[in-house]
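need coordinates for the below:
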Amino acid sequence: MIGRARAIPLAAVLFAPWPSAPAEPPPPPAEARAAAPDAGPPEPAGLPFGADSVQTVAESHQPEVTSCYEERLSQGKDVRGEVVVGFVIGKDGRATQVRVKKSTLGDREVEACVVRAVGGWTFPRPPTPQPVTIPFRFDEIGHRAAAAPEPAGR
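Got it, this is the predicted structure:
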């Protein structure tokens, strides 16, 4: 029986620094976030550019990335590992130059699927093109013994 699969964007989105980054306002208090109705992920155009907004966009596309992995599991492949995807967010907000920077997954089909998925994402528009790296950890839950999760900072 194949269990529930998951692709986890690890801890943080990694940016190369840029010289004139606008300061981001502090997040609203927990009470205000809890009181706001859940209307799903915000549209990229409505978010200021920054690590939090890039993470929000990545999380909103989580089902696409997970389906890459689940498709492979449905074919009877037992794969686990991490795929580190690098790309550039252009001034128009589109992901360009998407590539696998590093992978311990060992499955080119899943890696190519993740690259195609990320290549279709749109982010808030940065002031200048921004290189970004997002690591995804893939493991399956319920099929054999799931490995203990690694600390999020890895």
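
what ranges does the protein have for its helices?
Secondary structure of the chain (DSSP state H): helices at 30-35, 51-60, 62-74, 108-119.

which elements pack onto the second one?
Using 3 or more Cβ pairs under 8 Å, 6 or more residues apart in numbering; DSSP states H and E as the contact criterion, the elements in contact with helix 51-60 are strand 4-9, strand 130-141. Where you see a C-beta, it was placed from the backbone N, CA and C, and this is true even at glycine.

make it 10 Å
strand 4-9, strand 14-15, strand 81-89, strand 130-141 (3 or more Cβ pairs under 10 Å, 6 or more residues apart in numbering; DSSP states H and E).

by mean pLDDT, show me the worst of these.
Mean pLDDT is lowest for strand 14-15 among the helices and strands packed on helix 51-60, at a mean of 44.

dump the helices of the chain into TSV; add mean neighbour count and mean pLDDT as well.
TSV is the format used below for the helices of the chain (neighbours: other Cβ atoms under 10 Å; pLDDT from 0 to 100):
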stretch	mean neighbour count	mean pLDDT
helix 30-35	9	44
helix 51-60	18	90
helix 62-74	18	91
helix 108-119	18	96
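
tabulate the ones you listed (CSV), appending distance to Thr128.
Shown next, in CSV, are these (distance: least, Cβ to Cβ, whole Å):
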stretch, distance to Thr128
helix 30-35, 30
helix 51-60, 15
helix 62-74, 27
helix 108-119, 20
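
thought Asp92 was touching Thr128?
No. The pair Asp92 / Thr128 is not scored as a contact, 12.0 Å apart, by Cβ atoms under 10 Å.

tell me, what's touching those two both at once?
Listed as contacting both Asp92 and Thr128 by Cβ atoms under 10 Å, 6 or more residues apart in numbering is no residue at all.

residues contacting Glu111?
With Cβ under 10 Å, 6+ apart, Glu111 has these contacts: Cys68, Gly81, Val83, Val85, Arg99, Val100, Ser103, Leu105, Phe136.

if we can go back for a sec, quick one: closest of the helices of the chain to Val132.
Across the helices of the chain, Val132 has its closest neighbour in helix 51-60 (6.1 Å, Cβ to Cβ).

so that closest one versus helix 62-74, what angle?
Going by axes from the mean of the first three to the mean of the last three Cα atoms, to 10 degrees, helix 51-60 is angled at 40 degrees with respect to helix 62-74.

quick check: angle from helix 51-60 to strand 130-141?
40 degrees.

now helix 51-60 against helix 108-119, angle please.
130 degrees.
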